[in-house]
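Peer 1: pasting the sequence and the predicted model now:
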Amino acid sequence: MQTFSTNPRKLLSTRASKTTAALTVVALALISTVTYIQSRLETPTTLSAYYTQELQWQSCYENYQCADLLVPIDYTNLKTGTFNISVLKYPTTNEKKLGSLIVNPGGPGGSGVDYAFAAEYLFSPPILNAYDIVGFDPRGVSRSEPIICLSDKELDANYASDAKPDNEKEFAQTLIDSKKFIQQCEEKNKHLTSFSTANAARDMDILRQAVGDKQLNYMGKSYGTFLGTLYAQFFPNKVGRMVLDGAVDPTISDFQQSLTQAIGFDKAFAAFAADCNKRSDCPLPKDKDAAIEFMKQLFKQAEKKPIAAKSDERVLSESLMVLGTASALYDSATGWPDLRKAIAEAMKGQSDTFFKLADEYTGRLEDGSYRSNEFDSAAIIDCLDFTDVRTIREMKIDARLFDENAPLFGPYLAYSGLGCKYFETPKATTIVPTKTANPIVVIGTTGDPATPYQWALGLNKILTNSVLLSLTGNGHTGQGQGNTCIDSQVDDYYLLGYYPLVFRC
């Protein structure tokens, strides 16, 4: 959903953990060297023609198979043309397989191809034996008709720029930059209003048919839960075994999403601070309020005097320091130790670990390039998926609520989606209570900063026959994080169709 920049976006990262982030970097390095076999056909004239296409699987990366899927650019006007959707499969050798398990890591803007490439690290051997693991890059993402708005240098500048306008002059500049970003996107890309997650969900049903499954088996993480929710809205009778982990509540307003997320990150920092004070290397004051004030002053210091990087010409700005802090809160196992180190370094005028954390989140590589187009695609897709009806004046008034309810992160998320005010989008999909052919498993983590636990409660109500599986803990998402209670129940669900017997782990 968005992050901090002059085109402010929410902080809903595609990565469930830093381990997954590292794996997707490796995946990109390998996958980018391969030319996909294009399965170009004449533009189908009927929707049924898309559903009858056969994927031309080609061996790639030793143990994988790659193909392209044709989908309509515009489902309401098939004459508009086709998009090519990149698909990757980690096939099982089991002749009695249960089918395909389609995966998506979130974002919006996360690569399902990269995620499926990490299949051996994401799923247990029994799951890998029972299913083909299939990932696709949603339209507009990575290798699937990517949305490109900014150059690498422009991305550097955007991430480093002021995300918290403190006066009218700074706010006016934020408006100018936000409008310019949308204009660049419109100038450099065609069919921008066709890149919604609703259309990606329709694409996923064509993919379901193309892999030969009567019902969709799916694992969606983070924003990938919204993709799964929309699929359930459109194709309730085709839902097979579906897990939605790190849930997005699709019914709350864009404003409430941003505010709830800001509060979630403040709570995650408080949990980090409490843990920090048990450690000998903790650089924070022991009192919780004092720790928050300390970080606010550290951010302010970076605003006044950014810290130079050792390896390149960049400087650690306030926005990059905030982004690095948020990045660390996604993963308590490795992120929290890194954050302690980053804070201690910053107190000495050093920036290495904060840059490391920020770059892990943004996908910036050592050569200054970015591993994907996630920033550009996420900004546009988010505008299409969630409509903020507030005026700019109302956003300025509401910014006070962010300051009051989330004093650390709130000021940096108060203007999430501001750029969407300059982008004319179709009406977003209306979400209604839905009963699916099979119950869906929704997973919520009580201390999740990016997708707060109450969002899982909300999604559980919308999917009327879903089962809520709760994880008491910190970090983003639940499956694959080392909790055997969660992982074993997810495995039993996919392998045997058993719904969770223990609802809180």
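Peer 2: Nice, I can see it.
Peer 1: which parts of the stretch 151-300 of the chain are strands?
Peer 2: All strands of the stretch 151-300 of the chain, identified by DSSP state E, counting those that start in this stretch, fall at 216-221, 239-245.
Peer 1: wait, which of these is closest to Pro138?
Peer 2: Pro138 lies closest to strand 216-221 among the strands of the stretch 151-300 of the chain, at 11.3 Å (CB to CB). To be clear about C-beta, it is placed using only N, CA and C from the backbone, and glycine gets the same treatment.
Peer 1: the closest one packs against which elements?
Peer 2: strand 99-104, helix 197-210, helix 224-234, strand 239-245 (3 or more CB pairs under 8 Å, 6 or more residues apart in numbering; DSSP states H and E).
Peer 1: gap between the residue nearest the centre of the chain and Ile147?
Peer 2: Closest to where the C-alpha atoms of the chain average out (CA atoms, centre = their mean) is Gly107, at 2.0 Å. Taking CB to CB, to the nearest Å as the measure, Gly107 falls 12 Å from Ile147.
Peer 1: hang on, the earlier thing: just send the strands of the stretch 151-300 of the chain back as TSV, with mean pLDDT and distance to Asp275 too.
Peer 2: Output for these, formatted as TSV (pLDDT from 0 to 100; distance: least, CB to CB, whole Å):
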stretch	mean pLDDT	distance to Asp275
strand 216-221	98	24
strand 239-245	98	23
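Peer 1: can I get the helices and strands packed on strand 216-221 in CSV including mean neighbour count and distance to Ser369?
Peer 2: CSV is the format used below for those (neighbours: other CB atoms under 10 Å; distance: least, CB to CB, whole Å):
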stretch, mean neighbour count, distance to Ser369
strand 99-104, 27, 24
helix 197-210, 22, 25
helix 224-234, 26, 25
strand 239-245, 26, 30
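Peer 1: I'd like these written out as JSON lines, with distance to Gly349 added.
Peer 2: Below are those laid out as JSON lines (distance: least, CB to CB, whole Å):
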{"stretch": "strand 99-104", "distance to Gly349": "41"}
{"stretch": "helix 197-210", "distance to Gly349": "43"}
{"stretch": "helix 224-234", "distance to Gly349": "40"}
{"stretch": "strand 239-245", "distance to Gly349": "40"}
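Peer 1: for Gln454, which of the ones you listed is the nearest?
Peer 2: That would be helix 224-234 among the helices and strands packed on strand 216-221, by CB to CB, at 13.9 Å.
Peer 1: other SSEs contacting the closest one?
Peer 2: Identification of packing neighbours for helix 224-234 by 3+ CB pairs under 8 Å, 6+ apart yields strand 99-104, helix 197-210, strand 216-221, strand 239-245, helix 453-462.
Peer 1: what is the rounded mean pLDDT of the first one?
Peer 2: In this case it means strand 99-104. The average of the pLDDT scores along strand 99-104 is 98.
Peer 1: and after it, which helix or strand comes next?
Peer 2: Using DSSP states H and E, the next helix or strand after strand 99-104 towards the C-terminus is helix 112-117.
Peer 1: just give the number of residues close to the closest residue to Ser196 other than its chain neighbours.
Peer 2: Nearest non-adjacent residue to Ser196, counting by CB to CB, 6 or more residues apart in numbering: Leu384, 4.0 Å away. When counting by other CB atoms under 10 Å, one arrives at 23 neighbours for Leu384.
Peer 1: and if you look at Lys310?
Peer 2: Neighbour count for Lys310, taken as other CB under 10 Å: 10.
Peer 1: quick one: contacts for the residue nearest to it when sequence neighbours are not counted?
Peer 2: Closest residue to Lys310 apart from its sequence neighbours, by CB to CB, 6+ apart: Asp352 at 6.3 Å. Contacts for Asp352 were tallied using CB atoms under 8 Å, 6 or more residues apart in numbering; they are 309-310, 345.
Peer 1: please redo it, this time with the cut-off set to 10 Å
Peer 2: 307, 309-311, 316, 341-342, 345-346 (CB atoms under 10 Å, 6 or more residues apart in numbering).
Peer 1: pretty sure the residue nearest to the centre of the chain sits against Thr225.
Peer 2: No: Gly107 is not in contact with Thr225 according to CB atoms under 10 Å; the separation is 11.2 Å.
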